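Participant: What follows is a predicted protein model with its sequence.
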Amino acid sequence: MKTISKIILIAICIVLVAVIVYKAVNTVPPKSMPADERIVKILRQGGCAECHTANPHLPFYANWPIARKVITEDIVNGYKAFDIMPMLMAIEKGEAINEVDLAKVEKTVINGTMPLPKYYLIHWGASLTKKKSKIIMEWIRNHRSQFYPNSLAASEFVNESIRPIPDAVEHDTRKAELGKILYHDTRLSADNTISCATCHGINTGGVDNLKYSKGIKGQFGGVNAPTVFNAVFNFAQFWDGRAGTLAEQAGGPPLNPVEMGCASFDEIVTRLNEDKEFVKNFNEIYPEGLNQTTITDAIEQYERTLITPNSPFDRYLKGDKGAMGAEEIRGFELFKEYNCATCHAGINMGGLSYELMGQRADYFKDRELYKKSGLTDGDNGRWAQTGDERDRFRFRTPGLRNVALTYPYYHDGSVETLEEAVRMMAKYQVGRELSDEDTQSITAFLNALTGEYNGQPLVNDNMK
């Protein structure tokens, strides 16, 4: 009995010492510290930068035989999923943090998935306590309120990672009228057969519903055409993000040998100059005359008008409880539960980050196996612009607005139906197999994202 009593006493002492040490090393930063500094301290205490960065600080035991494999795997997977350094740098500069980064940290706190137990069992100060979680969540709310005010949403949805589409976006009306003409003008192509609207039809959901768009001389591109609707809300244009603005994007296809095939904008200007009435009207608004800068600016001004507010989901966010049915509402909750609302955040529900295609399973290996489709240049994604191996197979996320109209799906246009796209996203990005019921509910929710253009429900004539 004495032996048992000693063992129990020793165990109690060990527990007490552990609790004391835990409390000592896992303290909450003082309230006197500025809010941003508190967050940085908590994130660094939590070891976030140990895995979610390109240059992690490895512990002394990182090269031990057993530890090496585990630590290397965690670091590779962590950095693959999320690079925290842009967020930390933005905090230190007092700048707006990317909405997707905010949403990812928020969902991680809600789910309690980070840091990994095997990490904080060794680094006791890393565990995310209730007090630390509360501080992070409050800070996220305040940051959204400051940098991403959500005045259109009802009070209960003000802190959502998704915001309603505004009724209008600032633009120059006169320039937009010229841009509309140019957007539909086939003279922007070498053989006068292709316009912007050919691949991004206003009456077909802003796309052409083809796997790959058809350019001059019957040539086909190498990636699926994204929708032009709501593109103004994207942080970059094209799947690989090679254009930073709508004007830069508008300057690409006319000079692409596969798409519109012009040698230069001088060639386009020469053709347009033959239209004396158009030139007269253009010069009244752009005194500097026709050139690449003014042409692409006009098209950008027009594309800034291509927004689709007032979807059932937008009305629901604004407080209209009857705008969505029970299944659509359930789909919205599942959309958040399965982490979809992290990468598909913001006004356009996407278009704000570059994400790896195949985060949880090898999409390209399966595509080759089941669809007999090998790798193409278009599959390189962001890597084509950066040359950084981490960016291979990483793409700018597509916005989900009007997604029911913009089939086929993914950068490669390989998926025909929205239901299949939903199932595959769950498998390859989240690591989950969806039930038929959950797939149906999420698909119903995505159908509720179809908005209005010029006050009328957006339609796709290809679906009539």
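Facilitator: Okay, I see it.
Participant: end-to-end on stretch 53-66?
Facilitator: Criterion CA to CA, to the nearest Å; first-to-last residue distance in stretch 53-66 is 22 Å.
Participant: typo on my end, stretch 394-409
Facilitator: 16 Å.
Participant: That stretch - what's its average pLDDT?
Facilitator: Confidence for stretch 394-409, expressed as mean pLDDT, is 98.
Participant: so what's Gly205 closest to, chain neighbours aside?
Facilitator: Distances taken as CB to CB, 6 or more residues apart in numbering put Leu405 closest to Gly205, at 3.2 Å, once the chain neighbours are dropped. For glycine as for every other residue, the C-beta is placed from the backbone atoms N, C-alpha and C.
Participant: same thing with Leu290?
Facilitator: Val269 (4.7 Å).
Participant: Repeat that for Gly206.
Facilitator: Ranked by CB to CB, 6+ apart and with sequence neighbours excluded, the top spatial neighbour of Gly206 is Thr227, at 3.4 Å.
Participant: Repeat that for Thr108.
Facilitator: Met114 (4.8 Å).
Participant: Surely that neighbour is in a strand?
Facilitator: No - going by DSSP: H, G, I helix; E, B strand; the rest coil, the assignment for Met114 is coil, not a strand.
Participant: What helices and strands are in contact with whichever helix or strand Thr342 is part of?
Facilitator: Using DSSP states H and E, Thr342 maps to helix 340-343. Contacts defined by 3 or more CB pairs under 8 Å, 6 or more residues apart in numbering; DSSP states H and E place helix 340-343 against helix 99-111.
Participant: And the contacts of the helix it packs on?
Facilitator: 82, 84, 86-87, 114, 128, 133, 136-137, 140, 143-144, 148, 161, 339, 341-343, 345-346, 352-353, 397 (CB atoms under 8 Å, 6 or more residues apart in numbering).
Participant: again, 7 Å this time
Facilitator: Contact partners of helix 99-111, identified using CB atoms under 7 Å, 6 or more residues apart in numbering, comprise 82, 86-87, 114, 128, 133, 136-137, 140, 143-144, 148, 161, 339, 341-343, 345-346, 352-353.
Participant: Give the buried residues for that helix.
Facilitator: Within helix 99-111, the residues that qualify as buried are Glu99, Val100, Asp101, Leu102, Ala103, Lys104, Val105, Glu106, Lys107, Thr108, Val109, counting by 16 or more other CB atoms under 10 Å.
Participant: Backbone torsions only: list them for Gln237.
Facilitator: When read as degrees, to the nearest 10, the backbone of Gln237 gives phi -110, psi 160.
Participant: How much space separates it from Ala225?
Facilitator: To Ala225, Gln237 is 12 Å away according to CB to CB, to the nearest Å.
Participant: Name the helix or strand of this protein that has the lowest mean pLDDT.
Facilitator: helix 2-25 (a mean of 51; mean pLDDT, DSSP states H and E).
Participant: Can you name the secondary structure element that comes next after that helix?
Facilitator: That would be, after helix 2-25 and using DSSP H and E, helix 35-45.
Participant: any idea of the pLDDT on Phe332?
Facilitator: pLDDT, read off for Phe332, is 98.
Participant: Next: Phe147.
Facilitator: For Phe147, pLDDT reads 98.
Participant: Name the nearest residue to it, sequence neighbours excluded.
Facilitator: Ala96 (3.9 Å).
Participant: What sits closest to Met260 if chain neighbours are left out?
Facilitator: Closest to Met260 by CB to CB, 6+ apart is Ser189, at 3.9 Å.
Participant: and the residue nearest to Phe147, that's in a helix?
Facilitator: No - secondary structure of Ala96 (three-state DSSP): coil, not part of a helix.
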